[in-house]
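> Based on what follows, work out the 3D shape:
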Amino acid sequence: MNIARIGFGLLLASLTLLAACDRTPEAGFDVSVPWALTGTTLALDTHTHTRFSDGELAPDELARLAVEHGCDAFAITDHSDHAVAAATPAYFDAIDEVRRQHPGLTVFAGLEWNVPPYDGREHVTVLLDPSLERAVLPGFKEQHDGMEEGTDATVALQWLAGQASVARGEAVLFYNHPSRKDEDVTENERDLAQWREVNTLFAGFEGGPGHQRSATPGAYRAAIKPVDRWDPVVAEPGGGWDRLLDAGHDVWGALASSDYHERRNDYAPCRFARTMVTVDKNDARGILRALRAGSFWAGHGGVLSELWFILVEPALPLPATPGETVRLPAAARPVLRVKLARGPRHLGLPLTVEIIGNGLRGQPEIVASGSVAPDADSFDFQPPRLVAGGDGRSAYFRARVIADDPARGKLVAYTNPIRVVLMP
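Here you go, the predicted structure:
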């Protein structure tokens, strides 16, 4: 199903807040997502498992669950261990059969990669253009699985980039449940920064880990625990994601998955966790482009059916959206607007909106917070000034929406950031 979009007229109306000002010729977009305001929004799950590794269901059974619970797209990402049957001819045949049975469902045949040097402790989702899956994934699994001695993440990333074009967006990688087995809270940001020095195949983190039916949500049983069901890399203002953003790295963390293995600990794909991705084209390539661009948000529990985060400034021809970078004078005072629609079961629920960023004091923090009454659907914040963060040239802002559900506690949704390069 396609999620109904907030009318483009609402976005244009938000421009009228500041329409009396003159445009600044130098202002504009350094990085744009051309389809962000007019594309189609799809419900996606990037991380699931079947009997081809340690899941309880066959691919066709899992696909039926995904369709039943509203997925427009999902990825089967069985483990890359040599001992399991992912990335075999039978694996691809079974997933091709799912595609034939569900022509309206976009299905990725991916892998959950044991990334070196962690001997299987750290996992990464690998998604490719479907035209490359059979040609690339078997060799990647055979040569670069981190359970095998002598493997190296740098070599693996270089090899993968040689098979799938980074520029054309034919491969996207996400660091799964990043803090689940960590003792050091800075490990993940160091890893991601190092891997992105090799190439930009890594788009970011799985901020909303799966296993949300577990007695310990996310199955985080080591020293580091989730914050309101989200990995602290994403959920803690000033945490790993914010430190990367503050340093100028455009990486994305507003991703939530089921990590479906079995019914006891996991919700079905798209039942509880959803990543809502806005695409220019409703197909696998369109989804990969949107994931690479940061054109998505994610939430738990169906509290929100729509979430918009935009930056409005009269010097810009259009509002800026997550994943985009705009260029503005340091004296500019843009409006940051969160616009939302509640899910059908949460229409009377009050919400809290927080904007996180470094553009007020040059350091990551919650820069604004406010309540959205049950009969309201938006929150605005206009920074009194903009200052650059740790990279010395830009500021960023991201948003989260918090619902205090009487039955399930706090349920949270996150957007990706908007970056502002400050001109003299």
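> Now do residue 102: how many residues are near it, please.
By other Cβ atoms under 10 Å, 16 other residues sit near residue 102. For glycine as for every other residue, the C-beta is placed from the backbone atoms N, C-alpha and C.
> Tell me if I'm right that it and residue 67 touch.
Yes: using Cβ atoms under 8 Å, residue 102 is in contact with residue 67, at 6.0 Å.
> so where do the strands sit in the stretch 201-350 of the chain?
For the stretch 201-350 of the chain, the strands defined by DSSP state E, counting those that start in this stretch cover 202-205, 273-279, 296-300, 304-312, 325-329, 335-342.
> could I get these as TSV with mean neighbour count, distance to residue 387 and mean pLDDT?
Output for the strands of the stretch 201-350 of the chain, formatted as TSV (neighbours: other Cβ atoms under 10 Å; distance: least, Cβ to Cβ, whole Å; pLDDT from 0 to 100):
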stretch	mean neighbour count	distance to residue 387	mean pLDDT
strand 202-205	26	25	97
strand 273-279	27	30	98
strand 296-300	28	26	98
strand 304-312	23	16	98
strand 325-329	20	12	98
strand 335-342	21	15	98
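> do you know which of those strands lies nearest residue 32?
Of all the strands of the stretch 201-350 of the chain, the one in closest proximity to residue 32, counting by Cβ to Cβ, is strand 325-329 (8.2 Å).
> now the closest one and strand 304-312, what's the angle there?
Angle, strand 325-329 to strand 304-312, by axes from the mean of the first three to the mean of the last three Cα atoms, to 10 degrees: 40 degrees.
> CA atoms only for strand 325-329 - export them in CSV, please.
Only the C-alpha atoms of strand 325-329 are listed here, as CSV (Å, rounded to 0.1, in the frame of the first residue of the first chain):
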residue,chain,number,x,y,z
THR,A,325,22.0,20.1,2.7
VAL,A,326,21.3,23.8,2.2
ARG,A,327,23.5,26.8,2.1
LEU,A,328,22.3,29.8,4.1
PRO,A,329,23.8,33.1,5.5
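> Summarise which helices and strands that strand is packed against.
Contact here means 3 or more Cβ pairs under 8 Å, 6 or more residues apart in numbering; DSSP states H and E; on that basis strand 325-329 packs against strand 28-31, strand 418-423.
> Do a quick rundown of the strands in the stretch 51-200 of the chain.
According to DSSP E, counting those that start in this stretch, the strands that the stretch 51-200 of the chain contains are 73-79, 106-114, 123-128, 171-175.
> and the last one, which strands flank it?
On the basis of DSSP bridges, the sheet neighbours of strand 171-175 come out as strand 123-128 (antiparallel), strand 202-205 (parallel).
> can you map out the helices along the chain?
Assigned by DSSP state H, the helices in the chain fall at 8-15, 59-68, 89-101, 130-144, 153-163, 187-198, 232-235, 240-246, 284-293.
> Tell me which of these lies nearest to residue 317.
Nearest to residue 317, of all the helices of the chain, is helix 8-15, at 9.4 Å by Cβ to Cβ.
> mean confidence score for the closest one?
The average pLDDT within helix 8-15 is 44.
> Same check on stretch 208-218?
Here the average pLDDT along stretch 208-218 is 96.
> can you check stretch 143-158 too?
97.
> what does it rub up against?
Stretch 143-158 has contacts (Cβ atoms under 8 Å, 6 or more residues apart in numbering) with 80-82, 113-120, 122, 140, 159-160, 194-195, 198-199, 201.
> What separates the first and last residues of that stretch, distance-wise?
Start-to-end span of stretch 143-158 (Cα to Cα, to the nearest Å) is 12 Å.
> Could you chop this structure up by domain?
Here the domain parsing of the chain from automatic domain parsing is 1-31+305-424, 34-300.
> and the ones you listed, which is most packed in?
Scoring the domains of the chain by mean neighbour count under mean count of other Cβ atoms under 10 Å gives domain 34-300 as the most buried, with a mean of 21.
> Off-centre distance for that one?
Relative to its parent chain, domain 34-300 has a centroid offset of 9 Å by Cα atoms, centre = their mean, to the nearest Å.
> sorry, back to before: for the strands paired with strand 171-175, give me CSV that also has distance to residue 288.
Listed next are these as CSV, based on distance: least, Cβ to Cβ, whole Å:
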stretch, distance to residue 288
strand 123-128, 7
strand 202-205, 9
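> about what we covered before: between the strands of the stretch 51-200 of the chain, which one is nearest to residue 185?
Set against residue 185 and scored by Cβ to Cβ, these come closest in strand 171-175, at 14.1 Å.
> what's the angle between that closest one and strand 73-79?
For strand 171-175 against strand 73-79, the angle by the same axes, to 10 degrees is 70 degrees.
> same question for strand 171-175, mean pLDDT?
Mean pLDDT, strand 171-175: 98.
> Could you export it as CSV, CA atoms only?
Provided in CSV are the C-alpha atoms of strand 171-175 (Å, rounded to 0.1, in the frame of the first residue of the first chain):
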residue,chain,number,x,y,z
ALA,A,171,24.5,-1.3,-2.9
VAL,A,172,23.5,0.1,0.5
LEU,A,173,24.8,-1.2,3.9
PHE,A,174,23.5,-0.5,7.4
TYR,A,175,25.1,-1.3,10.7
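> what sits against residue 195?
Contacts of residue 195 by Cβ under 8 Å, 6+ apart are 153, 157, 201, 202.
> Now with 7 Å, please.
153, 157, 202 (Cβ atoms under 7 Å, 6 or more residues apart in numbering).
> Need the per-residue pLDDT for it.
Value for residue 195, per-residue pLDDT: 97.
> circling back to that earlier point, would TSV of the helices and strands packed on strand 325-329 with mean pLDDT and distance to residue 315 be doable?
Converted to TSV, these look like this (pLDDT from 0 to 100; distance: least, Cβ to Cβ, whole Å):
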stretch	mean pLDDT	distance to residue 315
strand 28-31	98	8
strand 418-423	98	10
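> Tell me which of the ones you listed approaches residue 89 most closely.
Each of the helices and strands packed on strand 325-329 has some distance to residue 89 by Cβ to Cβ; the shortest is strand 28-31, at 39.9 Å.
> Mind giving me the packing neighbours of the closest one?
On a contact count with 3 or more Cβ pairs under 7 Å, 6 or more residues apart in numbering; DSSP states H and E, strand 28-31 meets strand 325-329.
> Sweet, I'm off.
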